[in-house]
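Q: Predicted model, plus sequence, below.
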Amino acid sequence: MSVEGGGFFSVDSLRGVWVLLLDSEPAGLRSLTQVLEYCGALVTGVQTPEQALQVMRQVKPDILVASVSAGEQEAVDLIRRVRAFKPEDGGVMPAIAIVPSPEIAEERMRTRGFGGYLAKPVDPWRLCRLVSNLTMPR
C-alpha cells in the first residue's frame, strides 16, 4: 500500500504505537526515528536483521519498518523469518519496506511479505500516515 498525498501529519497521532525500525545507515536510522517519535511513536532502532529478530524475541512491536537498500535480500530474509513466528509472537505484524527507488513495485514488496512501501527519499508525513493506516484499528 503506497500512500498518496503529502502534508502535515499531527503530533502525537502515533501515540502508543511501537515501531521496530531497521536501517543499516546510522543517518537514516536517526532521521526516521526522529520523524516517528515526533508523531508520538515509540521507536526501537536497529541496524541489522539479527538485531531486529533479537528485539522481537523479547518484545512484540506493533509494526516493522525496514529500509531495503542494495541488500534487498537481507530484508526479504528478515520478513520471511518474521512471518514464520507464531501470530502471538509477532508473525502477523504489519511491515513497511522503504525502498531505494519507485521502480521497485508495490506488488514486488507485497509478495515478499510487506504490507506497504515508500520510496526514498521518504516523505516523513507519508511514513507516519502509512504506519497509522497499518496499525490503527478500523
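A: It's in. Bear in mind that the values here come from a model prediction, so they are computed numbers and not experimental data. Numbers count the residues shown, from 1 in each chain.
Q: Only C-alpha atoms from now on, for both contacts and neighbour counts.
A: Fine.
Q: Report the residue spans of this structure with pLDDT below the cut-off.
A: For the chain, the stretches with pLDDT under 70 are 1-12, 70-72, 103-107, 138.
Q: which residue is nearest the centroid of this protein?
A: Nearest to the geometric centre of the chain sits residue 65, at 1.2 Å (Cα atoms, centre = their mean).
Q: mind checking how far that one is from residue 26?
A: According to Cα to Cα, to the nearest Å, residue 65 stands 15 Å off from residue 26.
Q: One more: residue 79?
A: Going from residue 79 to residue 26 by Cα to Cα gives 21 Å.
Q: Among those two, which residue is more densely surrounded?
A: Higher neighbour count among residue 79 and residue 26: residue 79, with 22 against 11, using other Cα atoms under 10 Å.
Q: In contact with the more buried one, which residues?
A: When contacts are counted by Cα atoms under 8 Å, 6 or more residues apart in numbering, residue 79 touches 95, 112-114.
Q: can you rerun that using 7 Å?
A: residue 113 (Cα atoms under 7 Å, 6 or more residues apart in numbering).
Q: got the CA positions of the helix or strand containing it in PDB?
A: Residue 79 belongs to helix 72-83 when assigned by DSSP states H and E. Taking C-alpha atoms only, helix 72-83 is exported to PDB below (Å, rounded to 0.1, in the frame of the first residue of the first chain):
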ATOM      1  CA  GLU A  72      17.200  -6.300  -0.600                       C
ATOM      2  CA  GLN A  73      17.800 -10.000   0.200                       C
ATOM      3  CA  GLU A  74      18.500  -9.200   3.800                       C
ATOM      4  CA  ALA A  75      15.100  -7.500   4.300                       C
ATOM      5  CA  VAL A  76      13.400 -10.300   2.400                       C
ATOM      6  CA  ASP A  77      15.100 -12.900   4.600                       C
ATOM      7  CA  LEU A  78      14.100 -10.900   7.700                       C
ATOM      8  CA  ILE A  79      10.400 -10.600   6.700                       C
ATOM      9  CA  ARG A  80      10.400 -14.300   5.900                       C
ATOM     10  CA  ARG A  81      11.700 -15.100   9.300                       C
ATOM     11  CA  VAL A  82       9.300 -12.700  11.000                       C
ATOM     12  CA  ARG A  83       6.300 -14.400   9.100                       C
END
